[in-house]
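**Q** How does the following fold in three dimensions:
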Amino acid sequence: MATPEKAATPVGAMRVLEPRQLKPDSIETERILTVLDETITKLEMTRLIPRITGSLERFARMLGPEITASLLEHQKLSNEMQHLLTSPGAEEALRAGEQRLKCSLRHILRLFLANPLLCQGLKYQVQVKASPADVFIKAFVEFRDFMLEKLLTSPAKEREKIRFVEEMSLKAEQNTEAIAALQAELAAATQARKEEMDRKDKMIEDLKTTMEDLAKDRKAEIQQMKKEGEKQQEEEVKAAQGRRARLQEDVQRLRAQFSALVQEHRASELLLRKRKCRAEVEIENWIQKYDTDMAEKQATFEKIHAVYTEEKAQLAQLMEKHALLLQEYSQIEEEHKMLKQKEEEELQEQARRNRAATRIQATWRGYVVRAFFKAKLKKAKAKAKGKGGKK
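**A** Down below sits the predicted model:
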């Protein structure tokens, strides 16, 4: 009976479960990954230090005088610690030695981290046996990959992953139900097959009895058939021998071709190895040139940064002076506004006084004219009365 086919997994869902190979998208992520990578490098170098100190003469030229001296000092401290561990009643000295040993190890790891190329070279040069430290380093590397995946997984992708897991769980339940149904069908089919086999066994027994009866009657025919079969077998053996000879010739020819191809591929491999060596040398030269250029650019950047800092300080002083001058200018402008306002008020007061004086003068002139005409009118009336009395 055919087994149930596995449910096809969506491509998008499989992409959710694939390991991330993306670059960090924030400074915090880069810092976390940098700390984890440095920790992994420290663990690997700590694992290699005992082997290096054991063959210090072999690696002294590669390590340089400073790291070699630090490793010698570290080896001396390790021997002292072993001696203190075997000596009872030296707990205070043991704690002090342990502290010095930790400081020495930190100093050595700092020197190794300052030279990444040396670390890579030592990883390939130094051969160490498998130890529990390898399991811890491997687990820490997996932890680093897990952290990277967590840091780079957005909430939407996390929800998509959870949704995919729920869909897979639902499909697993459906598949379990389908398997149960298929198992029931299988049991029924097995029982039917068993009954069919029993019936056929009985039929075979009957046929055997019949065949025994027929064998007695057809013995002569069987002998004839045997002879014909033996003759046919001899012919087939001859044909097989001819085919065998042809196949052996083909095998020899293919072996010769294989040998020629091996020689050709070995020559190609040698040529590719030479090209690889040249490429590695060119890459090393480019790396050295890059380091030199970066050092020069760093020096130029520091000079420019120093000039920028000085100019920034000068700009700050000028800004302070500008603020003071602006304040003084604001005060002078305010004083000018007040003086202008005072002058306008004085001009308005002067105009008001002029208008008042003009009105007073006009009133006074009117009064004088009226008084003059009034006196003249009185004189005219008096004259008129005098003339009337004389008459």
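**Q** How confident is the prediction for residue 324, by pLDDT?
**A** Note on residue 324: pLDDT of 90.
**Q** same question, residue 213
**A** On pLDDT, residue 213 comes in at 76.
**Q** Just give me the neighbour total for it.
**A** Using other C-beta atoms under 10 Å, residue 213 is surrounded by 10 other residues. (C-beta placed from N, C-alpha, C; glycine too.)
**Q** again with residue 71
**A** With other C-beta under 10 Å as criterion, residue 71 counts 20.
**Q** Give the closest residue to it in space, chain neighbours not counted.
**A** Spatial nearest neighbour of residue 71, chain neighbours left out: residue 53 (5.3 Å); criterion: C-beta to C-beta, 6 or more residues apart in numbering.
**Q** low-confidence ranges in the stretch 151-300 of the chain?
**A** Where the stretch 151-300 of the chain drops to pLDDT under 70, the residues are 154, 158.
**Q** So which elements touch whichever helix or strand residue 203 is part of?
**A** According to DSSP states H and E, residue 203 maps onto helix 155-217. For helix 155-217, the packing partners by 3 or more C-beta pairs under 8 Å, 6 or more residues apart in numbering; DSSP states H and E come out as helix 11-17.
**Q** distance between whatever helix or strand comes next after the helix it packs on and the chain's centre?
**A** For helix 11-17, the following helix or strand on the C-terminal side (DSSP H and E) is helix 27-54. What separates the centre of helix 27-54 from the centre of its chain is 18 Å, taken as C-alpha atoms, centre = their mean, to the nearest Å.
**Q** The next helix or strand after helix 27-54 versus helix 27-54: what angle between them?
**A** Using DSSP H and E, the helix or strand that follows helix 27-54 in sequence is helix 56-63. Interaxial angle, helix 56-63 versus helix 27-54 (axes from the mean of the first three to the mean of the last three C-alpha atoms, to 10 degrees): 140 degrees.
**Q** Whichever helix or strand comes after helix 56-63: which residues count as buried?
**A** Next helix or strand after helix 56-63 toward the C-terminus (DSSP H and E): helix 65-86. Within helix 65-86, the residues that qualify as buried are 67-68, 70-71, 74-75, 77-78, 81, 84, counting by 16 or more other C-beta atoms under 10 Å.
**Q** list the buried ones in the one helix or strand residue 146 maps to?
**A** Using DSSP H and E, residue 146 falls within helix 132-152. The neighbour-count check on helix 132-152 (16+ other C-beta under 10 Å) flags 137, 144, 148, 151-152 as buried.
**Q** send the alpha carbons of stretch 250-268 over as PDB?
**A** Output in PDB follows, covering the C-alpha atoms of stretch 250-268 (Å, rounded to 0.1, in the frame of the first residue of the first chain):
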ATOM      1  CA  ASP A 250      35.800  -1.800 -22.900                       C
ATOM      2  CA  VAL A 251      37.100  -1.800 -19.300                       C
ATOM      3  CA  GLN A 252      40.700  -1.700 -20.500                       C
ATOM      4  CA  ARG A 253      40.000   1.100 -22.900                       C
ATOM      5  CA  LEU A 254      38.100   3.100 -20.100                       C
ATOM      6  CA  ARG A 255      41.000   2.500 -17.700                       C
ATOM      7  CA  ALA A 256      43.400   4.000 -20.200                       C
ATOM      8  CA  GLN A 257      41.100   7.000 -20.600                       C
ATOM      9  CA  PHE A 258      40.800   7.300 -16.800                       C
ATOM     10  CA  SER A 259      44.600   7.300 -16.500                       C
ATOM     11  CA  ALA A 260      44.900  10.000 -19.200                       C
ATOM     12  CA  LEU A 261      42.300  12.100 -17.400                       C
ATOM     13  CA  VAL A 262      44.000  11.700 -14.100                       C
ATOM     14  CA  GLN A 263      47.300  13.000 -15.500                       C
ATOM     15  CA  GLU A 264      45.500  15.900 -17.200                       C
ATOM     16  CA  HIS A 265      43.700  16.800 -14.000                       C
ATOM     17  CA  ARG A 266      46.800  16.600 -11.900                       C
ATOM     18  CA  ALA A 267      48.500  19.000 -14.300                       C
ATOM     19  CA  SER A 268      45.500  21.300 -14.000                       C
END
